[in-house]
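S.K.: sharing a model that was predicted from the sequence below.
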Amino acid sequence: MWIVKELIAKKLDVSISRLNDFEVHDDYNKNKLSGYICLKPDHRYGMLAITKVNNWDCLQFIYATPKLDYPFDRVGTYKWPKCKSIVFYEKLDGTNITSYFYKYKDKEFLTFKTKLTPVGKSGGFYDFKRLLDDYLSENKWVEEVIYLNKDYNLSFELFGYRNPITVKYPFPLEMNLLFGIDKNNANIKPIHKLKTNDNTKTPKQFLMINNEIYDNELTSTYNNFRHQMSDKNKNELLTEGMVLYANINDEENNSIWKMFKCKPEEIEKIHWAAGEGIPTVALSTTAINTFESNENPTIEDFIELLKEEYDEHVITKNTAKINKIWEKTLINVKNINEVNKVWQIAKDKGFDITIDKANTMKFISQYFEKKSMRMVASIILKQIKQ
């Protein structure tokens with residue numbers, strides 16, 4: 001097994017420490033998958049090396065949603081590639097979902113994963129698989145678009161107030177197609193280059209320039225969008241930012257697309273530490289993301305995610321704060337799990353909170369102390385369809 005891991009690390013050009021092994025059940029297809037997931041924060045981020053499906057030995061590489069970069073370094077120096085064309089799309093704030101196919105003998109199976117999981121599973125903070133299943137059951141366009149683009153794994157965002165992260169959305173749950181990932185080489189294909197149908201939901205497009213754009217003009221355009229988004233967020237966080245897709249030539253002169261994050265300054269401050277401190281909101285958001293990416297995460301998993309954004313000495317100086325946020329998040333996880341278990345019992349008994357809130361909550365209250373009921377109601381009401 002160790003030899004296989006070494007060979008895969010060499011094939012992917014990553015250190016062995018960047019590969020985590022997995023053995024999970026794909027609940028969408030009733031298959032057991034084994035292999036490794038890559039933690040290298042670049043185009044290999046979250047990619048899978050599947051080595052076994054059930055008892056069938058195989059080696060399948062699955063590219064997933066890559067890690068996005070800023071076009072500047074931490075001191076603000078821009079480093080643009082030569083761009084032949086550009087397009088800006090809204091950046092959505094939810095859970096990233098990648099659809100992909102894997103093979104088992106002579107058959108192909110469609111399934112879904114979050115960033116750092118091999119398949120969609122019920123997480124601790126929110127039941128992401130249930131949210132996805134709820135959406136897929138009512139929106140057939142997702143599967144139709146997946147089959148229209150079989151040469152690509154597709155990246156989606158699942159967002160809304162049933163899946164709260166940073167931005168507060170006024171609707172319960174939505175899913176948008178973001179881009180495609182070439183199955184063979186991880187190259188990105190923007191939405192406007194994919195095949196879609198009339199029902200496909202996509203982020204808002206803000207600007208498209210179909211000719212060469214120079215560094216100064218691109219920096220000015222990029223910063224104008226940042227300022228506009230900051231104005232929009234003055235009273236409340238309403239947007240997380242945009243994604244810039246730049247059409248460039250790679251080292252072998254092949255035409256490819258590269259993605260860059262474009263975020264308003266107030267969001268950047270959440271994600272990048274100002275000085276030696278890490279903002280509380282950044283820690284809380286990352287803690288939630290840890291539960292998106294791991295079924296049973298530890299504080300070490302939390303810190304690994306923080307390392308993707310912050311220097312190690314900054315993390316060390318914020319150890320006490322990190323521990324406090326993690327303990328608080330674990331309590332939230334426990335509360336949500338307990339509430340959702342009882343809520344499921346209520347639904348199995350025929351209670352529907354959207355029809356009869358009073359009697360549903362009365363039934364649920366049998367399982368909790370009176371002083372906890374405000375918390376219980378808050379957890380449920382954030383998840384219901386309205």
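M.R.: Received the coordinates, thanks.

S.K.: hmm, N31 is touching K103, no?
M.R.: No: the criterion here is Cβ atoms under 8 Å, and N31 misses it with K103 at 10.6 Å. The way it works is simple: take the backbone N, C-alpha and C, and place the C-beta from them, glycine included.

S.K.: so what's in contact with the two at the same time?
M.R.: V53, F109 (Cβ atoms under 8 Å, 6 or more residues apart in numbering).

S.K.: the more surrounded of the two?
M.R.: Shown here are N31 and K103; by other Cβ atoms under 10 Å, N31 has more neighbours (18 against 13).

S.K.: now the more buried one: how far from D133?
M.R.: As for N31, its distance to D133 is 17 Å (criterion: Cβ to Cβ, to the nearest Å).

S.K.: check K201 too.
M.R.: The gap separating K201 from D133 is 17 Å, by Cβ to Cβ.

S.K.: repeat for L306
M.R.: Distance of L306 to D133, given as Cβ to Cβ: 30 Å.

S.K.: ok, D198 next?
M.R.: 23 Å.

S.K.: where does S155 sit: helix, strand or coil?
M.R.: strand (DSSP: H, G, I helix; E, B strand; the rest coil).

S.K.: quick check, pLDDT for it.
M.R.: S155 carries a pLDDT value of 98.

S.K.: partner residues bridging it?
M.R.: Per DSSP bridges, the residues bridged to S155 are T98, F179.

S.K.: chain center to stretch 364-380, what's the gap?
M.R.: 30 Å (Cα atoms, centre = their mean, to the nearest Å).

S.K.: part of a helix, is L218?
M.R.: Yes: according to three-state DSSP, L218 belongs to a helix.

S.K.: contacting residues for it?
M.R.: W80, C83, I86.

S.K.: any idea which residue sits dead centre in this structure?
M.R.: Against the mean C-alpha coordinate of the chain, by Cα atoms, centre = their mean, the closest residue is N96 at 2.7 Å.

S.K.: backbone dihedrals for V4, please?
M.R.: phi -60, psi -40 (degrees, to the nearest 10).

S.K.: contact partners for it?
M.R.: T51.

S.K.: same check, this time on Y169
M.R.: Taking Cβ under 8 Å, 6+ apart as the test, what Y169 contacts is D93, F159, G160, Y161.
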